[in-house]
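A.B. asks: pasting a predicted model and its sequence here:
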Amino acid sequence: MSDHDWSAAVSSDEELVERGRAGDDLAFDILVRRHHAAVYRVALSMLNDEGAAQDVAQDAFIKGFRAIAGFRGEASFRTWILTIAANEARGVIRRIGRRKETPIDTAGPMHSEAKGPDETAVIASEAARARMMMEQLPEKQRLAIAFRIDEGMSFREVGEMIGSSESAARVNYFHGIRRLRDLME
Amino acid sequence: MSGTKCEWIRELIPDYAAGRLADGEKESADLHFKDCRECCDELDLVRLVFSSRAAHPEGLADKINTAVHGRRVAGRRQWWGLAAAAVAVLAIGLNMTLDRTGFTDLPLTESEFEIESENLWLTDDGLIAGAPMLEGLSDEALTQFLEELTAGTSGGAA
């Protein structure tokens, strides 16, 4: 790895944005590698379609870098690119009419006590079931849970993503968690 | 457990489950979980949700970077193409303007000047550059010139 590559790899997002603006393609490469998983998951949370989520992730970065001159650093780059991805995903939902549905009846039975050598498999099964049960939640509750837990967003960031205030995002999250606990029992 | 403590811990549970908490906050949460069944249950649920988060597809970053670079290169080419076109238009416009004002004479190299000198037929008044002066020629020379001229117009001598 050259000094330039190494320097870019350890740079903050803000420094990489500046480098990218100055024409450093490597800086954009690193920003993509840092944030593409979160961008993809946000799109997947909203669309429930892996192929469409990949397309949205790609389009989000293309549009984001094209508009990078307008990024003023008021929010973090991560929040900024995730917001672009969320907007892209909303556009896809508008075009196709509705979000892809997942059949709930594929969820396995609930195991309250996970013991023995199959414990890992049971936990994995329970985890998959929890994720499928999230599909039954109202959209804002489901997205508040996904963004807060999966991506570690603050409630203020969650609010920006779902188009609510910070306090409404918090309420949506805790209502969603309570509902999910009920569904899992 | 006090409701205030539970409220504070519940806000932290997603970060605790994902290993994103600072050491001090993690110790406080650990102490709380020992005595609070309600928060432990919520932690278990949040852990399940976090562990089931989607894995991104293999090679997605490369795919995105390829697309991003493709667009940027295409954008640059388009920009250079426009710039080149603008320069060409400017050059043509400038050339036409200079042609009209008679500033198109370019300096000749020495060898080019010699060739030009050999072919140059001097004139008294210079009204028609390159036109032969026929008055000073003898009949013999004039006949020879006419023969050469005729041979030139008929495709040249063998």
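C.D. replies: Alright, I've got the coordinates.
A.B. asks: do the strand or helix carrying A:M132 and chain B meet?
C.D. replies: Assigned by DSSP states H and E, A:M132 belongs to helix A:119-134. Yes - on the criterion C-beta under 8 Å from any C-beta of the partner chain, helix A:119-134 is in touch with chain B at A:I123, A:A124, A:E126, A:A127, A:A128, A:A130, A:R131, A:M134. (C-beta placed from N, C-alpha, C; glycine too.)
A.B. asks: could you find the closest non-adjacent residue to the residue in chain B that chain A sits nearest to?
C.D. replies: For chain B and chain A, the shortest gap (C-beta to the nearest C-beta) falls at B:S52, measuring 3.7 Å. In space, and not counting its chain neighbours, B:S52 is closest to A:A127: 3.7 Å by C-beta to C-beta, 6 or more residues apart in numbering or on different chains.
A.B. asks: what's the neighbour count on that neighbour?
C.D. replies: For A:A127, the neighbour count with other C-beta atoms under 10 Å in any protein chain shown is 17.
A.B. asks: list the buried residues in the helix holding A:M132.
C.D. replies: A:V122, A:I123, A:S125, A:E126, A:A127, A:A128, A:R129, A:A130, A:R131, A:M132, A:M133, A:M134 (16 or more other C-beta atoms under 10 Å in any protein chain shown).
A.B. asks: for that helix, packing partners?
C.D. replies: helix A:166-184, helix B:37-51 (3 or more C-beta pairs under 8 Å, 6 or more residues apart in numbering or on different chains; DSSP states H and E).
A.B. asks: what's near enough to touch the residue of chain B closest to chain A?
C.D. replies: A:A124, A:A127, A:A128, A:A130, A:R131 (C-beta atoms under 8 Å, 6 or more residues apart in numbering or on different chains).
A.B. asks: output these as JSON lines; include the columns distance to A:R34.
C.D. replies: Shown next, in JSON lines, are the contacts of B:S52 (distance: C-beta to C-beta, whole Å):
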{"residue": "A:A124", "distance to A:R34": "27"}
{"residue": "A:A127", "distance to A:R34": "25"}
{"residue": "A:A128", "distance to A:R34": "27"}
{"residue": "A:A130", "distance to A:R34": "27"}
{"residue": "A:R131", "distance to A:R34": "24"}
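A.B. asks: and the residues you listed as CSV, adding pLDDT?
C.D. replies: Output for the contacts of B:S52, formatted as CSV (pLDDT from 0 to 100):
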residue, pLDDT
A:A124, 87
A:A127, 93
A:A128, 92
A:A130, 94
A:R131, 92
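A.B. asks: nearest to B:T66, of those?
C.D. replies: Using C-beta to C-beta, A:R131 is the member of these that sits closest to B:T66, with 30.2 Å.
A.B. asks: wait, the closest one touches B:V49, no?
C.D. replies: Yes - contact between A:R131 and B:V49 holds when scored by C-beta atoms under 8 Å: they sit 6.8 Å apart.
A.B. asks: could you chop the chain up by domain?
C.D. replies: Defaulting to chain A. Following automatic domain parsing, chain A resolves into domains at A:1-101, A:104-185.
A.B. asks: my question was about chain B
C.D. replies: B:3-51, B:60-105, B:110-153.
A.B. asks: ok, back up a step: out of the helices and strands packed on helix A:119-134, which is closest to A:L31?
C.D. replies: Across the helices and strands packed on helix A:119-134, closest to A:L31 is helix B:37-51 (C-beta to C-beta), at 24.1 Å.
A.B. asks: packing partners of the closest one?
C.D. replies: Looks like helix B:37-51 contacts helix A:119-134, helix A:166-184, helix B:3-17, helix B:23-35 (3+ C-beta pairs under 8 Å, 6+ apart).
A.B. asks: got a list of contacts for that helix?
C.D. replies: Here helix B:37-51 has contacts from A:123-124, A:126-127, A:130-131, A:134, A:145, A:149-150, A:177, A:180-181, A:184, B:1, B:6, B:9-10, B:13-14, B:16-18, B:32-33, using C-beta under 8 Å, 6+ apart.
A.B. asks: if we use 6 Å, what do you get?
C.D. replies: With contacts defined as C-beta atoms under 6 Å, 6 or more residues apart in numbering or on different chains, helix B:37-51 is touched by A:E126, A:A127, A:A130, A:I149, A:R181, B:C6, B:I9, B:I13, B:P14, B:A17, B:A18, B:F33.
A.B. asks: stretch A:71-90 now?
C.D. replies: A:13, A:17, A:35, A:39, A:42-43, A:46-47, A:56, A:59-60, A:63-64, A:157, A:161.
A.B. asks: pull it out as PDB, backbone CA atoms only.
C.D. replies: What follows is stretch A:71-90, C-alpha atoms only, in PDB (Å, rounded to 0.1, in the frame of the first residue of the first chain):
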ATOM      1  CA  PHE A  71     -22.400  18.300   1.000                       C
ATOM      2  CA  ARG A  72     -21.600  21.000   3.700                       C
ATOM      3  CA  GLY A  73     -20.900  18.700   6.600                       C
ATOM      4  CA  GLU A  74     -23.900  19.700   8.700                       C
ATOM      5  CA  ALA A  75     -24.700  16.000   9.100                       C
ATOM      6  CA  SER A  76     -22.100  13.300   8.900                       C
ATOM      7  CA  PHE A  77     -21.300  11.800   5.500                       C
ATOM      8  CA  ARG A  78     -22.800   8.600   6.700                       C
ATOM      9  CA  THR A  79     -26.100  10.200   7.600                       C
ATOM     10  CA  TRP A  80     -26.000  12.100   4.300                       C
ATOM     11  CA  ILE A  81     -25.500   9.100   2.100                       C
ATOM     12  CA  LEU A  82     -28.000   7.000   4.100                       C
ATOM     13  CA  THR A  83     -30.600   9.700   3.600                       C
ATOM     14  CA  ILE A  84     -29.900   9.700  -0.100                       C
ATOM     15  CA  ALA A  85     -30.400   5.900  -0.100                       C
ATOM     16  CA  ALA A  86     -33.600   6.200   1.800                       C
ATOM     17  CA  ASN A  87     -34.900   8.800  -0.700                       C
ATOM     18  CA  GLU A  88     -33.900   6.500  -3.600                       C
ATOM     19  CA  ALA A  89     -35.700   3.600  -2.000                       C
ATOM     20  CA  ARG A  90     -38.800   5.800  -1.500                       C
END
